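1. With the input below, show me the fold.
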Amino acid sequence: MILRGATPLDTPMFAALHATSFPDPWPAESFAAMLSQPGVAGWLAGDPPEGMLLARAVADEAEILTLAVVPAARRKGAGGALLGEMLRVLQDGGTRRVFLEVAANNAAALALYARFGFVPCGRRAGYYAGGADAIIMERAL
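-> Residues are numbered from 1 along each chain as shown. Just a heads-up that it's a prediction; the model follows:
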């Protein structure tokens with residue numbers, strides 16, 4: 001799987017990929033603003049890109065802001081490749097814990113995160129549009 005770090009020039013691609021996976025996608029301007037902040041990093045998977053991940057690190061903790069893989073490329077390794085690369089980079093940079101939020105009804109994402117060692121540590125009732133709860137997960141590095 002071809003992986004590369006993202007730059008603010010990739011914001012249209014981030015927005016396009018995000019729109020394939022979420023009912024309320026973030027606009028390119030949001031990705032541009034996030035990617036210009038200290039501690040925020042993004043990765044793209046595939047050529048052409050078929051998946052993306054955006055994370056933010058502060059001190060020794062980080063959070064996955066979003067991860068998306070186009071439907072036709074799911075279960076083919078892009079999500080795992082993105083998570084593996086992000087965890088490697090964060091650990092090399094001194095991050096000790098990583099957090100994320102995932103919809104409680106997203107079984108595929110929950111399974112992917114569990115495969116990478118994330119465990120539930122909290123829940124936000126009705127967090128997502130449509131009323132789905134958010135499961136908060138964490139992983140020590």
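
2. For the top helix by length along the chain, C-alpha coordinates in PDB please.
-> Assignment by DSSP state H gives helix 78-92 as the longest helix of the chain. Only the C-alpha atoms of helix 78-92 are listed here, as PDB (Å, rounded to 0.1, in the frame of the first residue of the first chain):
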ATOM      1  CA  ALA A  78      -5.900   1.000   3.400                       C
ATOM      2  CA  GLY A  79      -7.400   1.700   6.900                       C
ATOM      3  CA  GLY A  80      -4.900  -0.700   8.600                       C
ATOM      4  CA  ALA A  81      -2.000   0.800   6.600                       C
ATOM      5  CA  LEU A  82      -3.000   4.300   7.700                       C
ATOM      6  CA  LEU A  83      -3.500   3.400  11.300                       C
ATOM      7  CA  GLY A  84      -0.100   1.500  11.400                       C
ATOM      8  CA  GLU A  85       1.800   4.400   9.900                       C
ATOM      9  CA  MET A  86       0.100   7.000  12.200                       C
ATOM     10  CA  LEU A  87       0.900   4.900  15.300                       C
ATOM     11  CA  ARG A  88       4.500   4.500  14.200                       C
ATOM     12  CA  VAL A  89       5.000   8.200  13.600                       C
ATOM     13  CA  LEU A  90       3.300   9.100  16.900                       C
ATOM     14  CA  GLN A  91       5.300   6.700  18.900                       C
ATOM     15  CA  ASP A  92       8.500   7.900  17.300                       C
END
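
3. could you say what helices and strands the host helix or strand of residue 123 packs with?
-> Element membership for residue 123 (DSSP states H and E) is strand 119-124. With contacts taken as 3 or more C-beta pairs under 8 Å, 6 or more residues apart in numbering; DSSP states H and E, strand 119-124 sits against strand 134-140. Every C-beta, even on glycine, is put in place using the N, C-alpha and C of the backbone.
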